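1. Sharing a model prediction with you, sequence too.
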Amino acid sequence: MPKKASRKAESAAKQSASPDLRRKLRVTVEDGTVDLAEHPPRRIPTGPKTKKAARKQLKSIGAELKELQERLYAAGTDGDKRAVLLVLQGMDTSGKGGVIEHVVGIVGPAGTHVRAFKKPTAEEQSHDFLWRIRRELPYGGVIGVFDRSHYEDVLVTVVHDQIDDAERIRRYRLINEFEAELDAAGTRVIKCFLNISYDEQRERLLSRLDDPAKNWKFNVGDIDERRLWPKYQRAYAQALAATSTEVAPWYAIPGDRKWYRNWAVAVLLRDTLRELHPDYPHPDLDIPQLKRRLAPPN
């Protein structure tokens with residue numbers, strides 16, 4: 001990106017910045033517990049108040065995201081080990097795919113690695129629950145995105161009574177150690193709980209049934225899981241409380257408004273890349289001599 005355009009994009013993005021977004025979206029842990037009622041799915045704690053404003057700001061943020069991601073990727077080709085891991089968790093229809101399309105899609109496929117974690121395969125189940133996660137971690141210069149993640153193994157397993165409390169607590173400890181290890185190695189972890197309401201989920205499931213083009217997205221099993229909503233809310237509250245740490249805090253993203261969800265995740269990703277401040281490599285090139293070699297023959 002030319003320097004002039006780069007400065008213009010950065011100036012526009014700064015105008016749309018929300019320095020207190022992380023503070024307002026960070027999950028509140030008090031006495032070792034999280035009350036999800038303190039994080040309403042439809043609230044707008046800061047930032048744009050309308051879909052039009054959010055889309056306009058997202059366009060500006062996107063321009064800066066593209067450049068920052070390119071800088072991170074370029075630095076990675078020169079040996080920079082730093083990376084970013086964006087973890088997206090939430091109930092069915094909470095918008096994990098939407099974030100990948102509308103936020104991660106801004107920067108394009110180069111320098112990104114997206115992995116959706118489904119029900120563990122027989123091979124994956126034969127290993128420790130973090131085994132399949134470690135295999136998909138981003139390497140230096142890459143933005144990794146997890147559509148669901150290692151947290152499935154302390155959510156689904158708890159809701160369906162597949163592990164006891166002792167194992168649940170053990171897994172929380174292993175997750176915290178794992179994420180601290182990632183941070184120490186240079187991978188910044190951004191954990192987003194896409195928080196939608198019970199009523200909003202119903203509307204989104206119905207829309208998949210009403211639109212033939214979306215029927216393929218409908219999973220009959222989602223209705224069965226929906227009946228377990230209270231257990232999932234309790235499991236999420238427990239997991240967020242136990243694993244929201246200084247190096248890898250959880251952010252509760254209000255998810256009922258898709259446009260606000262996308263804006264918030266984009267800002268969190270943009271601000272993390274800003275803090276990393278990646279730069280292009282500076283190879284030792286003899287520019288004049290190389291240009292002479294590229295000159296047309298006489």
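-> Received, thanks.
2. can you pull the pLDDT of the closest residue to residue 202 other than its chain neighbours?
-> Spatially, and ignoring its direct neighbours in sequence, residue 202 is nearest to residue 226 (7.8 Å; CB to CB, 6 or more residues apart in numbering). (C-beta placed from N, C-alpha, C; glycine too.) Note on residue 226: pLDDT of 94.
3. List the contacts of residue 226.
-> 92, 201-202, 205 (CB atoms under 8 Å, 6 or more residues apart in numbering).
4. now the strands: where do they sit in the chain?
-> For the chain, applying DSSP state E gives strands covering 83-90, 112-116, 143-147, 187-195, 250-254.
5. By neighbours, which of the contacts of residue 226 wins?
-> residue 201 (22 neighbours; other CB atoms under 10 Å).
6. where does it land on pLDDT?
-> 96.
7. Who is the residue nearest in space to the middle of the chain paired with across the strands?
-> Closest to where the C-alpha atoms of the chain average out (CA atoms, centre = their mean) is residue 86, at 3.1 Å. Beta-bridge pairing of residue 86 under DSSP bridges involves residue 145, residue 190.
8. isn't it right up against residue 147?
-> No. Counting by CB atoms under 8 Å, residue 86 does not reach residue 147; the two are 9.7 Å apart.
9. Just the closest of the contacts of residue 226 to residue 107, please.
-> residue 92 (26.1 Å; CB to CB).
10. With adjacent residues omitted, what lies nearest to that closest one?
-> Closest to residue 92 by CB to CB, 6+ apart is residue 222, at 4.6 Å.
11. so who does the one you found touch?
-> Going by CB under 8 Å, 6+ apart, the list of residues near residue 222 reads 92-93, 205.
12. ok, which pair from the contacts of residue 226 is furthest apart?
-> Top of the distance list for the contacts of residue 226 (CB to CB): 92 and 202, 11.0 Å.
13. roughly how far apart are the residue nearest to residue 218 when sequence neighbours are not counted and residue 225?
-> Spatial nearest neighbour of residue 218, chain neighbours left out: residue 208 (4.4 Å); criterion: CB to CB, 6+ apart. Noted for residue 208: a distance of 14 Å to residue 225, by CB to CB, to the nearest Å.
14. sorry, back to before: and for the residue nearest to residue 218, the neighbour number?
-> There are 17 residues near residue 208, going by other CB under 10 Å.
15. try residue 91
-> The burial count for residue 91: 25, using other CB under 10 Å.
16. What is the burial count for residue 122?
-> 6.
17. Against residue 157, how distant is it?
-> Distance from residue 122 to residue 157, by CB to CB: 16 Å.
18. can you check residue 63 too?
-> 41 Å.
19. got it, and residue 268?
-> Applying CB to CB to residue 268 and residue 157 gives a distance of 27 Å.
20. And the two? Which one has more around it.
-> residue 268 (21 against 17).
21. what's the distance between the more buried one and residue 253?
-> On the measure of CB to CB, residue 268 and residue 253 end up 8 Å apart.
22. which residues do these two both contact?
-> In contact with both residue 268 and residue 253: 25, 192, using CB under 8 Å, 6+ apart.
23. the longest helix in this structure is where?
-> Counting residues, the longest helix found in the chain (DSSP state H) is helix 51-77.
24. And residue 43, how far from residue 175?
-> 27 Å.
25. right, I mislabeled it, should have said residue 234
-> 18 Å.
26. Check residue 49 too.
-> From residue 49 to residue 175 the distance is 36 Å (CB to CB).
27. where does the stretch 1-150 of the chain dip in pLDDT?
-> 1-19 (pLDDT under 70).
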